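Participant: following is a predicted model, sequence given first.
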Amino acid sequence: MTGAEAATSFAGSDAAGVVPPHAASTSSRAKTVEPRFIIQMISGRPASSFSLDSVNRVYVTKSLPEDILSPLRDRLTVEVWDQPGAVPRGVLLKAMARADGLLCMITEDIDVELLEAAPSLRVVSQMAVGVDNIDLEACRDRGVAVGHTPGVLTETVADTAWALLAAVVRRLPEGEKLVRAGEWPPWEPFTMTGGDLHGTTIGIVGMGRIGQAIARRAAGFDMEVVYSSPHAKPDIEAGRLSLPDLLERSDHVVVCAALTDGTRGLIAREELRAMKSS
């Protein structure tokens, strides 16, 4: 799904799904295409002025299923790194000398060095939600548009968070190790009982798309939901608390905040000590 959406940034119609920088994080403001893709325009030009007609050759840094690549091949010249592992840096830089577009993964650094090696580059599309590996300012300075695939893994990440939470609370990793080692003990009333999810309090740090998806799932466990976030979320049935109050009140804490300079080290020794013993 993410690959197909990333490919759409090259194969779609002119300015399809293009939004200006201030609206790039709000999918409801973007023009919808099928499959839905939002390309974040960071060149400083009006979104309506962006055209893919000048993109003729695309380099793809990972071998993808043909049904994803075929829309590109139908319209453009496509070169693909089809070897195991990430494309070597030297190979990538050489390929960029003749590329107008780049379909990349989070394993590639899209930095000043790469942009200087790509004089014809018009657009970078990343098969991921985050763009931490892309120098957005350098792209903006060179008029290179940047695309990504926001929202496509929201529900999947929320499912995974719940799987991890349940595994820890019910001590599943410990039990699995005992079974594999042939050391499962004789039955006792309280052996490997673990804790409960139902009727407890879950604290969510960062109530963005993923945080809200996790909160919705908590209703099925009859849990109280509290959260800490810079902005109130009136559509969510949950109490907004300061981070210290959340840590003091919650039985389980899930951190969903984006990693920034402001959130790095958000949960450290002092915060761990402030949590409930449960």
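Facilitator: Structure's in. What do you need?
Participant: next, give phi and psi for G265.
Facilitator: Phi and psi for G265, reported as degrees, to the nearest 10, are phi 80, psi 20.
Participant: typed the wrong thing, it's S125
Facilitator: phi -120, psi 120.
Participant: okay, and the beta partners of it?
Facilitator: Counting by DSSP bridges, S125 forms beta bridges with L103, G147.
Participant: ok, it touching A99?
Facilitator: No - contact criterion CB atoms under 8 Å: S125 and A99 do not qualify, at 11.9 Å. Bear in mind the C-beta positions are built from the backbone N, C-alpha and C, glycine included.
Participant: separation between G147 and P119?
Facilitator: According to CB to CB, to the nearest Å, G147 stands 20 Å off from P119.
Participant: who has more neighbours out of the two?
Facilitator: Counted by other CB atoms under 10 Å, G147 and P119 do not tie: G147 has more neighbours, with 28 against 11.
Participant: any idea how far I110 is from that one?
Facilitator: Between G147 and I110 the distance is 12 Å, computed by CB to CB.
Participant: find residues that contact each of these two.
Facilitator: Counting by CB atoms under 8 Å, 6 or more residues apart in numbering, the residues touching both G147 and I110 are V124, Q126.
Participant: contacting residues for the residue positioned nearest the centre of the chain?
Facilitator: Geometric centre of the chain, nearest residue: V129, 3.7 Å, by CA atoms, centre = their mean. By CB under 8 Å, 6+ apart, the contact set of V129 is H148, T149, P150, G151, V152, L153.
Participant: what's the local residue count around the fifth one?
Facilitator: Counted with other CB under 10 Å, the neighbours of V152 add up to 20.
Participant: could you do the second one as well?
Facilitator: A total of 25 residues lie near T149 under the criterion other CB under 10 Å.
Participant: and it, how close does it get to I68?
Facilitator: Applying CB to CB to T149 and I68 gives a distance of 12 Å.
Participant: what do you get for the third one?
Facilitator: The spacing between P150 and I68, counted by CB to CB, is 18 Å.
Participant: mind listing the strands for the protein?
Facilitator: Here the chain has its strands, by DSSP state E, at 18-19, 38-40, 57-60, 77-80, 101-104, 123-126, 145-148, 201-205, 224-228, 239-240, 252-255.
Participant: want to throw these into JSON lines with distance to A274?
Facilitator: Putting the strands of the chain into JSON lines (distance: least, CB to CB, whole Å) gives the following:
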{"stretch": "strand 18-19", "distance to A274": "40"}
{"stretch": "strand 38-40", "distance to A274": "37"}
{"stretch": "strand 57-60", "distance to A274": "47"}
{"stretch": "strand 77-80", "distance to A274": "50"}
{"stretch": "strand 101-104", "distance to A274": "41"}
{"stretch": "strand 123-126", "distance to A274": "37"}
{"stretch": "strand 145-148", "distance to A274": "35"}
{"stretch": "strand 201-205", "distance to A274": "11"}
{"stretch": "strand 224-228", "distance to A274": "13"}
{"stretch": "strand 239-240", "distance to A274": "18"}
{"stretch": "strand 252-255", "distance to A274": "10"}
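Participant: so M96 is in contact with L121, correct?
Facilitator: Yes - the criterion here is CB under 8 Å, and M96 meets it with L121 at 6.7 Å.
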